[in-house]
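*Asks:* Provided below for reference: sequence and predicted model.
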Amino acid sequence: MRSRYGDRHSKRKQNIVLNSLIGIVLAVILVLVANIFFFGDSPEQTVSQDQQTAQSDTNEESNSSEDAVTSDEANPEDSESNNSESADQDSTDEESAEEDKTKEENKDKEKEDKEKDKEDEQADQKPGEPNLEGPWEPVGTSQSGDDHRSSYTIGSDDWNEKIKAVESVMGLSEDEMTIWKIGGNGGPQQSYARVSKKGSGNQVYYIELEWIDDKGWKPISVSKE
């Protein structure tokens, strides 16, 4: 009796252990299934995510291509702008050069006109007739303005240049005039001359002279005494 009872009791314990193990295994399986079902990605979700990733890559490539096209389109405009600026600069340089050329031509023309006027005035002055109205010009000099000293020594460079200025007024050479006096006129660069034409009686001309640096003596007034 005791032996049978012990065998039954032993089998019962074994059954309990097996049932417990089976229960544990089932519980683990249920947990795994629940994890897969509630937290795992389904095949459809995986495919959708792959499609989204592929679409995103396509969009990025499209945007990159559009940026490249935009950049390519912008570069010709920049090039055209640079070319336009370069052309404008060249045009400005040409205009400036043309203006400089025009100014030089105008200066040359003014100089020629003055020389022509001077020649015309000299031509209008009859030989042996004083030019009482002017205008008069400096007669030129070999002296430097810084070193100039008015001289009244007959035959000196300064004396000879005074005589030349008087000749330009009288329309006569020194041999054709009587020089009564050449003297100072109130300043180191001021002078005067009293002259007359030989054989003209007592008509004396009073000529005032002024020194112009590097240009010589210039008649500034003429009057009859």
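*Replies:* Perfect, thanks for sending it. Numbers count the residues shown, from 1 in each chain.
*Asks:* rest of the way, CA atoms for contacts and neighbours
*Replies:* OK.
*Asks:* can you give me the strands for this protein?
*Replies:* In the chain, the segments counted as strands under DSSP state E are 177-184, 190-197, 205-212, 216-224.
*Asks:* Which one of these lies nearest to Lys107?
*Replies:* strand 205-212 (21.9 Å; Cα to Cα).
*Asks:* Could you list the residues in contact with stretch 132-146?
*Replies:* 157, 161, 164-165, 168-169, 212-223 (Cα atoms under 8 Å, 6 or more residues apart in numbering).
*Asks:* Drop anything exposed from these.
*Replies:* 157, 161, 164-165, 168-169, 212-213, 215-222 (16 or more other Cα atoms under 10 Å).
*Asks:* export the strands of the chain to TSV and tack on distance to His148 and mean pLDDT?
*Replies:* TSV is the format used below for the strands of the chain (distance: least, Cα to Cα, whole Å; pLDDT from 0 to 100):
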stretch	distance to His148	mean pLDDT
strand 177-184	14	93
strand 190-197	12	94
strand 205-212	9	95
strand 216-224	10	94
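*Asks:* Including distance to Lys13, could these go into JSON lines?
*Replies:* Listed next are the strands of the chain as JSON lines, based on distance: least, Cα to Cα, whole Å:
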{"stretch": "strand 177-184", "distance to Lys13": "159"}
{"stretch": "strand 190-197", "distance to Lys13": "154"}
{"stretch": "strand 205-212", "distance to Lys13": "146"}
{"stretch": "strand 216-224", "distance to Lys13": "149"}
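*Asks:* quick one: the helices in this protein?
*Replies:* 2-39, 43-124, 157-170 (DSSP state H).
*Asks:* Select the helix or strand of this protein having the lowest average pLDDT value.
*Replies:* Least confident helix or strand, the chain: helix 43-124 with a mean of 64, by mean pLDDT, DSSP states H and E.
*Asks:* burial of Glu99, as a residue count?
*Replies:* Counted with other Cα atoms under 10 Å, residues neighbouring Glu99 total 12.
*Asks:* Let me fix that, I meant to ask about Pro188.
*Replies:* Neighbour tally, Pro188, other Cα under 10 Å: 13.
*Asks:* ditto for Gly186
*Replies:* Residues near Gly186, counting by other Cα under 10 Å: 9.
*Asks:* Likewise for Ile182?
*Replies:* 23.
*Asks:* Quick one: residues contacting it.
*Replies:* Tyr152, Ser191, Tyr192, Ala193, Arg194.
*Asks:* repeat for Asp157
*Replies:* Per Cα under 8 Å, 6+ apart, neighbours of Asp157: Ser142.
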